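Q: Mind looking at a prediction? Sequence and model below.
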Amino acid sequence: MVGGPGADRYSRQVLFAGISQSGQQALGRARVALVGVGALGTVLASELVRAGVGALRLIDRDYVDWTNLQRQSLYDESDAEAALPKALAAAEKLRRANSSVQLDPIVDDLTADNAEWLLAEHDLVLDGADNFATRYLVNDVCVKRDIPWVYAAVVASYGVVMPIIPHNTPCLRCVFVAPPAPGTTATCDTAGVISPAVGVIASLAAAEALKLLVGAREALSRGLTWVDVWNNSFQRTPLGGPVADCPTCGQGRFEFLQAERGSGAATLCGRDAVQVRPAQPLQVPLAALAERLRPLGEVRHNAHVLRFITPPHELTVFPDGRTIVKGTSDPAVARSLVARYIGS
Amino acid sequence: MAVRVRIPAPLRAATAGQAEVQVEGGDLATCLSQLESQFPAIRARLRDDAGGLRRFVNLYVNGEDVRFLQGLETRLQPGDELSIIPAVAGGA
């Protein structure tokens, strides 16, 4: 058995007729962006990096928390202890799995301001997001720039997967014209989520990703696949072609990309937490901030993040001024805590 | 034989946990009324306050989106399958 990072690494995958040598070469040239490195995202990233994609951009705004370890398979206790940003913690683990993949961690939100810049120049976008606003933004960029993407979502014991090739298959907005109003659908906040559901949905999405990257469009699972691992159902709904009067892919209106930036405070899914963004990115000297906050409560910091504990709240500050306030789901409370302790 | 209605997991609280229920048939509007009279709690999940179908709930007859059939006037025959597909948001 030959050791080291030689050609043998991909031998089992190259033996598979659907990939073969030419597919492996296509994978090696592929640039993939992953939006969200949580439950779905860690599984997707692991499968794509091990499969040998050329480059993977990992975009995530959050840090590793103890409640993540039940299902976010790339992270361990030391990541939660250090509250490492997920994009960085994931990149570190993935580098050990396959050092030949170019990894590009981005610790930030995907917003209307940066989405086009962050996702353009990629061959494929993968969805590991936890909310609909982000997905419609991804859909706008991908339709505008003609980039295939894979919609995947999971809650409780069920989830959906839908590969999208702009102008060839229905886009997200062809199928779901409007995002559900907040509070009208189950989220991981209200219904929880089990890890096997995550694994199944993420792996189905990864399979679609491989097909798209090696050009096996005839093998694509066109339409929407719905799986429930607890109630034992696997249902595929073929959706036909794009909808002619779809606002996004039919009429070319990119409303989510053109949207004004929101209030700057957003409640995070699955957590008793609110993210507060400064109007402009700041450069917060974390060491100096730590000195200033130390008399007021427990402070821990490293190069990537500062954690300030002032019960019942915990503030996690990133160097660009973005702050996640844990212990409240009220944006007004979060904003006032940030104004008091970090400055606005 | 009747029309089979497939109930997705998030709506099963309204159907006492049943994954598949049956209605008599007719056009889609009639089938939905039959479904709602059997399971009144499902109405609020499918319709907005004005009684219109919620925009993020999709209905398919034998895998075809009813928007590209005849909408609420689509005829369902015995043995047809009506699927309800709501949007799913989670990922964390």
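A: Everything's here; your move. Numbers count the residues shown, from 1 in each chain, chains lettered A, B, ... in the order given.
Q: mind checking the end-to-end distance for stretch A:226-240?
A: Length of stretch A:226-240, first residue to last, Cα to Cα, to the nearest Å: 16 Å.
Q: Same check on stretch A:68-75?
A: Across stretch A:68-75, the terminal residues are separated by 8 Å (Cα to Cα).
Q: buried set for that stretch?
A: Across stretch A:68-75, burial judged by 16 or more other Cβ atoms under 10 Å in any protein chain shown covers A:68, A:71-75. No exception for glycine: its C-beta is placed from N, CA and C like everyone else's.
Q: and the two most separated of the residues you listed?
A: A:71 and A:74 (10.7 Å; Cβ to Cβ).
Q: Just the buried residues of the helix or strand that contains residue A:212, please?
A: Taking DSSP states H and E as the criterion, residue A:212 maps to helix A:195-214. For helix A:195-214, the neighbour count (16+ other Cβ under 10 Å) marks A:197-214 as buried.
Q: Sheet partners, orientation included, of the following helix or strand past that helix?
A: Downstream of helix A:195-214, the first helix or strand assigned by DSSP H and E is strand A:224-228. Strand pairing for strand A:224-228, determined by DSSP bridges: strand A:158-164 (antiparallel), strand A:233-237 (antiparallel).
Q: Give the full set of residues in contact with residue 60.
A: No chain was given, so I picked chain A. Residue A:60 sits next to A:36-38, A:41, A:85-87, A:90, A:105-107 when contact means Cβ atoms under 8 Å, 6 or more residues apart in numbering or on different chains.
Q: Not quite, go with chain B.
A: Residue B:60 is in contact with A:237, B:66, B:82-83, B:85, counting by Cβ under 8 Å, 6+ apart.
Q: Considering these, which possesses the most neighbours?
A: Within these, most neighbours by other Cβ atoms under 10 Å in any protein chain shown means residue B:82, with 23 neighbours.
Q: who's the nearest residue to it once chain neighbours are set aside bridged to?
A: Distances taken as Cβ to Cβ, 6 or more residues apart in numbering or on different chains put residue B:5 closest to residue B:82, at 4.7 Å, once the chain neighbours are dropped. Bridge pairing for residue B:5 (DSSP bridges) gives the partners residue B:21, residue B:82.
Q: Where does pLDDT dip in the stretch 201-344 of chain A?
A: A:260-264, A:269-270, A:344 (pLDDT under 70).
Q: mind listing the helices for it?
A: Using DSSP state H, counting those that start in this stretch, the helices of the stretch 201-344 of chain A run over residues A:286-293, A:331-341.
Q: ok, and for the shortest one, which residues are buried?
A: In other words, helix A:286-293. Within helix A:286-293, the residues that count as buried by 16+ other Cβ under 10 Å are A:286, A:289-290, A:293.
Q: Looking at those, which one is closest to chain B?
A: Set against chain B, the nearest of the buried residues of helix A:286-293 by Cβ to the nearest Cβ is residue A:286 (25.5 Å).
Q: Show me where chain B dips below the pLDDT cut-off.
A: B:91-92.
Q: Spell out which parts of it neighbour chain A.
A: Within chain B, the positions near chain A by Cβ under 8 Å from any Cβ of the partner chain are B:6, B:8-10, B:12, B:19, B:54-56, B:58, B:60, B:63-65, B:67-68, B:83, B:85-92.
Q: Filter the residues you listed down to the buried ones and hand me the PyMOL line.
A: Remark: buried members of the residues of chain B next to chain A, expressed as a PyMOL selection using 16+ other Cβ under 10 Å:
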select buried, chain B and resi 6+8+9+10+12+19+54+56+58+60+64+65+83+85+86+87+88+89+90+91+92
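Q: Sort out for me which of the residues of chain B next to chain A are in helices.
A: Among the residues of chain B next to chain A, no member falls in helices (DSSP state H).
Q: residue ranges for the strands of chain B, please.
A: Applying DSSP state E to chain B gives strands spanning B:3-6, B:20-23, B:26-27, B:57-61, B:64-65, B:75-76, B:81-86.
Q: among these, which is nearest residue A:24?
A: strand B:81-86 (35.5 Å).
Q: Stretch A:137-150 close to chain B?
A: No - contact of stretch A:137-150 with chain B (Cβ under 8 Å from any Cβ) is absent, the minimum separation being 11.5 Å.
Q: In space, what's closest to residue 43 - neighbours in sequence excluded?
A: Picked chain A for this. Leaving aside its sequence neighbours, residue A:43 sits nearest to residue A:202 (Cβ to Cβ, 6+ apart; 3.5 Å).
Q: I was thinking of chain B, sorry if that wasn't clear
A: Nearest to residue B:43 is residue B:36, by Cβ to Cβ, 6+ apart, at 4.6 Å.
Q: Run through the residues that contact that neighbour.
A: Residue B:36 neighbours (Cβ under 8 Å, 6+ apart): B:42-43, B:46.
Q: Likewise for residue A:59?
A: Applying Cβ under 8 Å, 6+ apart, the residues near residue A:59 are A:33-37, A:87, A:106, A:108, A:110, A:118.
Q: Show me which residues of the stretch 151-300 of chain A are close to chain B?
A: The stretch 151-300 of chain A comes close to chain B at residues A:152-160, A:175-180, A:184-188, A:191, A:193, A:223-224, A:226, A:228, A:230-231, A:233, A:235, A:237-240, A:243, A:269-270, as judged by Cβ under 8 Å from any Cβ.
Q: Show me those residues that map onto strands.
A: Assigned to strands by DSSP E, the following of these qualify: A:152-155, A:158-160, A:224, A:226, A:228, A:233, A:235, A:237.
Q: Any quick ChimeraX command for the buried ones out of those residues?
A: Buried members of these can be picked out in ChimeraX with the line below, counting by 16+ other Cβ under 10 Å:
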select /A:152,153,154,155,158,159,160,224,226,228,235,237
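Q: quick check, residue A:96 in a strand?
A: No - using DSSP: H, G, I helix; E, B strand; the rest coil, the assignment for residue A:96 is helix, not a strand.
Q: And for it, the neighbour number?
A: Residues near residue A:96, counting by other Cβ under 10 Å: 8.
Q: measure it to residue A:85 for me?
A: Noted for residue A:96: a distance of 18 Å to residue A:85, by Cβ to Cβ, to the nearest Å.
Q: how about low-confidence regions in the stretch 1-150 of chain A?
A: For the stretch 1-150 of chain A, the stretches with pLDDT under 70 are A:1-7.
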